[in-house]
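Colleague: Give me a model of this one.
(2 chains)
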Amino acid sequence: DTEVTQTPKHLVMGMTNKKSLKCEQHMGHRAMYWYKQKAKKPPELMFVYSYEKLSINESVPSRFSPECPNSSLLNLHLHALQPEDSALYLCASSQDGLGSQPQHFGDGTRLSIL
Amino acid sequence: GEDVEQSLFLSVREGDSSVINCTYTDSSSTYLYWYKQEPGAGLQLLTYIFSNMDMKQDQRLTVLLNKKDKHLSLRIADTQTGDSAIYFCAERNQGNTDKLIFGTGTRLQVFP
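Modeller: As a prediction, this is how the structure comes out:
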């Protein structure tokens, strides 16, 4: 069982919808991450929050909007997505965001854009 | 460059050892990781090694690191059907303090 919890597990939405993905961890970690994984490909980093501040944005389109309300929660707000955005979205956390501790992943949200 | 390469597929008989290989190009990598991904699931951290080590053993798992050749391997002893999954190596380098670069992934299939 993973200690990083993601909801929902599956999401189907139209291109005009607005939805949010949620991620929660209670390990006391201070860094949280969003990754995108297409089928048969490795995960690709999207965003990093360290101590609730956005520290890395990998040039992600603005239709993806991250939010870190507190050190345990990470959201990804979705608006006007495209069919090519269909993928598995993975959340991860690590102890301090300095890279000396490994990242722990949730089971992901499988997103389908109609 | 930030290329991390793995062979795509490995098939082994149950009870045999599996060796999954990974090559990377960034000599400044400080930590190297192995993750397992089962169908429909996220990534499970298996083990990791710091770049000043050349070997790490954890139960059935043995990680070997050859820094000169930039080669990392994961050996699974007594491979079981439950080990069937995709295995990703990943590197973290000094230039990007919190960014993991994942390998292309190796699909391990274990047959009875």
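Colleague: residue ranges with poor pLDDT in chain B?
Modeller: B:1-2, B:93-97 (pLDDT under 70).
Colleague: For chain A, give me its nearest residue in it.
Modeller: Closest residue of chain B to chain A, CB to the nearest CB: B:Phe102 (3.5 Å). Heads up, the C-betas are built off the backbone N, CA and C, glycines and all.
Colleague: pretty sure that residue is touching B:Asp3, no?
Modeller: No. Shown here, B:Phe102 and B:Asp3 do not form a contact pair, counting by CB atoms under 8 Å, at 10.9 Å.
Colleague: wait, doesn't B:Phe88 sit right on B:Phe102?
Modeller: Yes. Between B:Phe88 and B:Phe102 there is a contact under CB under 8 Å: 5.1 Å.
Colleague: Per-residue confidence, A:Arg63, what does it come out as?
Modeller: Per-residue pLDDT puts A:Arg63 at 96.
Colleague: Likewise for A:Ser59?
Modeller: What the model reports as pLDDT for A:Ser59 is 88.
Colleague: follow-up on the earlier one: please report how far the residue of chain B closest to chain A lies from A:Lys22.
Modeller: Applying CB to CB, to the nearest Å, the value for B:Phe102 to A:Lys22 is 24 Å.
Colleague: out of these two, which sits in the more crowded spot?
Modeller: Neighbours were counted for B:Phe102 and for A:Lys22 using other CB atoms under 10 Å in any protein chain shown; B:Phe102 has more, 22 against 15.
Colleague: Just give the nearest non-adjacent residue to the more buried one, would you?
Modeller: Using CB to CB, 6 or more residues apart in numbering or on different chains and skipping residues adjacent in sequence, the residue nearest B:Phe102 is A:Pro42, 3.5 Å away.
Colleague: got the residues of chain A near chain B?
Modeller: Contacts of chain A with chain B, taken as CB under 8 Å from any CB of the partner chain, map to A:2, A:4, A:6, A:31, A:40-45, A:48, A:50, A:55-56, A:90, A:92, A:94, A:97-100, A:102-108, A:110.
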